[in-house]
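Q: A structural model of the following input is requested.
(2 chains)
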Amino acid sequence: MPTCVLFDVGGQTYGVAIEAVQSIERMTRVTRVPGVPRAVLGLIPLRGELLPILDLPWLLGLPAEGVPGPEARVLVLASGEVSAAVAVDKTRHVVSYDERAVVPDTPASAVPGVLSGVVQVDGRWVGLVHAEAVLAWHAS
Amino acid sequence: MDAQYLQVFIDESTLHVEQMSDGLLQLERHPEDQNVISTIFRSAHTLKGMSAAMGFQRMATLTHQMEQLLAVLRDGEMPPTAGQLDALFAALRVLDAMVQSVAHSGDEVHGAAGMAAAEAALARVNGAESPVQRSASVGEMGEQPSEWFRDDEAVQRGLERGTALWHVVVQLGPATSLPAVRAMVILRDCAERGELLAARPDAAALQAGADPYRIEFVWTAGDRGPADLEAVLKASPEVASFEVRPVLAAPRGAAPAEAASAATERDEKAAALSRAATETADDNHRPMAVGRTLRVNVERLDQLINRTSELVMDKTRLEQLAASREDRALRETVQHLARVVSDLQEVALRLRMVPLQTVFGRFPRTVRDLARALGKRVELTVEGGETELDRTLIDELGDPLLHLVRNAIDHGLEHPTDRLAKGKPEVGRLWLRAYAAGDRVRVELEDDGRGIQREAVLRKAVANGWVSPTEAAVMAEDQVHALLFRPGFSTAEQVTEISGRGVGLDAVQAQMAHIGGHVRVFSKPGAGTRFVIDLPLTVSIVRAILVEVGSEVYAIPLGHVVHLDRLAEEEVQVAHGVRRVRFDDGWIPLLDLAPLLDVPGPIQRRRAMVAVRAGERIAAFAVTRLIGQQDVVQKPLGAYFRRPPAGVAGATILGDGRVAVMLDLRPWVP
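A: Numbers count the residues shown, from 1 in each chain, chains lettered A, B, ... in the order given. Here you go, the predicted model:
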């Protein structure tokens, strides 16, 4: 039974595989970098290292975010050598789900591959974010 | 497998393979040099002992065979033939692959492809060219009984099948009664516990009156070791002494038998490794280290450096705070702290420095192998291997450099006949140089080959639609060279296996940019080509100018900055639509940095400018304000970015914890 971390973004709840989440951090100031792909909002510092922070609402096909609230957090996603951060409105809890119950249903506005489907958890439908796709997607 | 022994083994083996490589190259150039044969032999012997102690049977076997051939060469009068040298090089290649395999996976298996061929090659040159066959037991350097059984059919078949064969020598005591009978009984007993493949003297010979006091035979028990056999021989009172040695093929999993050793496996390993260490230290072929060294876990080192960097930020903040307080004691303490932290950071960063020899070490053999494969003659000269570079940069340098070397040998250097026809010496030259230049390190690869053929390059560029024929006709030389770095460029008529497609140069450039470096090429048609890779000395600590552009802060490394100044609108001239300012006794173009960087929001008046040099050209960039100069830790953008965006050379974390993107403005200098 795969396990995922639930979080809210753009007023909706999503989940991402727990293996892909390296850490959860407090929201921090984003520094814009000129000339980067659309998916990249900029860089954030983390314990002496630099991490790109990605525009998750845009990747998911959601309208742009407002100002982050007090519960806003940063999820650090990692796959192999590549890691990047995404900002979320709040993090919920960790749940397991039956992968056979996943329905492949992604909105047309989302970047292809970023959502691997939806599944019902605790009585609500959550979108499953495919971390590797998020980390690998570059607009040239 | 003990992890600590494994690391020691990997490090020592790598060193020995390199020493053998250097030795063989030297031997090839000077076949009469007997000393170098001994040196190579010693390395092979040490490597054999270490491999056996660690249980790497294939490595032990292969080095054993190399050692045999080397012993023949060492004791013989004939210089090595080309065939013998090739066989040794081939075996060394397989050995190297096995060491790499151990380094990556803890097992030699993944590097063992080609071992059979290498063994065959060694056997061929060994058998054909020397009358005396020698064999040596693993880990021992003693009396060498001859391998009389080598041509025996049963033995050959056993070897082909890959079973473990043992060569046993039994000496009967001189007072043995009925020694011939005794000998036959021993042969029979041993045959019962396994399979007797060959014996000398055999039963028939013994009956005919052959000397029974010394019997030798080849015996096998499939996958089982010779323990049974040894038990029988030990139990027999007439046996004065016996020896059991492995024969060629690698026994699966069984450690080779050492004559009567009661030491535990651990002690054996430690003994072999310490023997290796002493021998290596005594061998003045390459000094182990100047002074004492220590192996350090790379992750821990990185942690140390990150924490030190955070300390530097706190130090900067403390300096600011202390300056604003009227507290002398505080200020003095902070000053002292600042000095200590600076020193600490410098030391921490130095810890990551590694000499370039670690990358260069592989190249002599690679060049030799490539040259032979292509039928060319190449002489490589390596200079400046002691130049140091940050460890992360070293890791990234190997592949691109290899690619350039392959290109040079494959496309740059001509065939010997062509060279002679051109009046060049038959042997092509290749130089690999490293040197420090200010806060940069340069690695050069130069060849005296055919150089970049302008016509061929332009033809390809026009064919690909990158350049119009008119542009091509008037293109400047450095622009023609720049075309080589375009993706998908290759002037090779065939796609050779050696160099692959022309994916090379653009990938090399991108990889170097990723680590804060770049590649330039210089060439003279007919005379040769020189690539210069320019890299930062350390992966951090760069002196930079901090500037404000709108509400954003950027850091510009001082390296290419030639001038900083206030900017007054009155001093700006406009000519042909281009804004200019005075510089020295001339004019340089003035560009606005804000639109180049897409800085959002309203931009205040540009009140300052930074003049940057790119090669021969200089330009000034207008910014909102100059903040100051600072030492910053330059960090790469990270693995997420496959290529850094144009003009971006990493980023840095400032003293106040903010991130400032670092700019390389040279691409924008018109």
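Q: what ranges of chain A fall below the confidence cut-off?
A: A:47-48, A:138-140 (pLDDT under 70).
Q: Nearest to chain B within it, name that residue for me.
A: Proximity of chain A to chain B (C-beta to the nearest C-beta) peaks at residue A:35, 3.1 Å away. (Glycine included, C-beta is placed from N, CA and C.)
Q: How is the closest residue to that residue other than its chain neighbours assigned, secondary-structure-wise?
A: Leaving aside its chain neighbours, residue A:35 sits nearest to residue B:645 (3.1 Å; criterion: C-beta to C-beta, 6 or more residues apart in numbering or on different chains). Secondary structure of residue B:645, reduced to three states by DSSP: H, G, I helix; E, B strand; the rest coil: coil.
Q: In terms of helices and strands, where is the closest residue to residue A:104 other than its chain neighbours?
A: In space, and not counting its chain neighbours, residue A:104 is closest to residue A:117: 4.6 Å by C-beta to C-beta, 6+ apart. Assigned by DSSP states H and E, residue A:117 belongs to strand A:115-121.
Q: And the contacts of the helix or strand following that strand?
A: Downstream of strand A:115-121, the next assigned helix or strand under DSSP H and E is strand A:124-129. Strand A:124-129 is touched from outside by A:4, A:6, A:12-16, A:56, A:60, A:102, A:106, A:114-120, with contacts defined as C-beta atoms under 8 Å, 6 or more residues apart in numbering or on different chains.
Q: Can you give the domain ranges for chain B?
A: Domain assignment for chain B, taken from automatic domain parsing, gives B:1-139+B:264-287, B:141-257, B:298-351, B:355-536, B:542-668.
Q: Residues of chain A that sit close to chain B?
A: If contact is defined as C-beta under 8 Å from any C-beta of the partner chain, the residues of chain A in contact with chain B are A:29, A:31-36, A:40, A:42-45, A:47-52, A:81-84, A:135, A:138.
Q: Out of these, list just those in helices.
A: Using DSSP state H, the subset of the residues of chain A next to chain B located in helices is residue A:135.
Q: what packs against the helix or strand hosting residue B:244?
A: Element membership of residue B:244, judged by DSSP H and E, is strand B:239-247. Other helices and strands packing on strand B:239-247, by 3 or more C-beta pairs under 8 Å, 6 or more residues apart in numbering or on different chains; DSSP states H and E, are strand B:165-172, helix B:227-235.
Q: Parallel or antiparallel, list what pairs with that strand.
A: Applying DSSP bridges to the sheet, strand B:239-247 is found paired with strand B:165-172 (antiparallel).
Q: got the angle for whichever helix or strand comes after the strand it pairs with vs strand B:165-172?
A: Following strand B:165-172 in sequence order, the next helix or strand is helix B:179-192 (DSSP H and E). Using axes from the mean of the first three to the mean of the last three C-alpha atoms, to 10 degrees, the direction of helix B:179-192 lies 150 degrees away from that of strand B:165-172.
Q: Restrict helix B:179-192 to CA atoms and write it as CSV.
A: What follows is helix B:179-192, C-alpha atoms only, in CSV (Å, rounded to 0.1, in the frame of the first residue of the first chain):
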residue,chain,number,x,y,z
PRO,B,179,59.0,-45.9,-1.6
ALA,B,180,57.6,-46.8,-5.1
VAL,B,181,54.7,-48.7,-3.4
ARG,B,182,54.2,-45.8,-1.0
ALA,B,183,54.0,-43.4,-3.9
MET,B,184,51.4,-45.5,-5.7
VAL,B,185,49.3,-45.8,-2.6
ILE,B,186,49.4,-42.0,-2.2
LEU,B,187,48.3,-41.5,-5.8
ARG,B,188,45.5,-44.0,-5.3
ASP,B,189,44.3,-42.4,-2.0
CYS,B,190,44.2,-39.0,-3.6
ALA,B,191,42.5,-40.3,-6.7
GLU,B,192,39.8,-41.7,-4.4
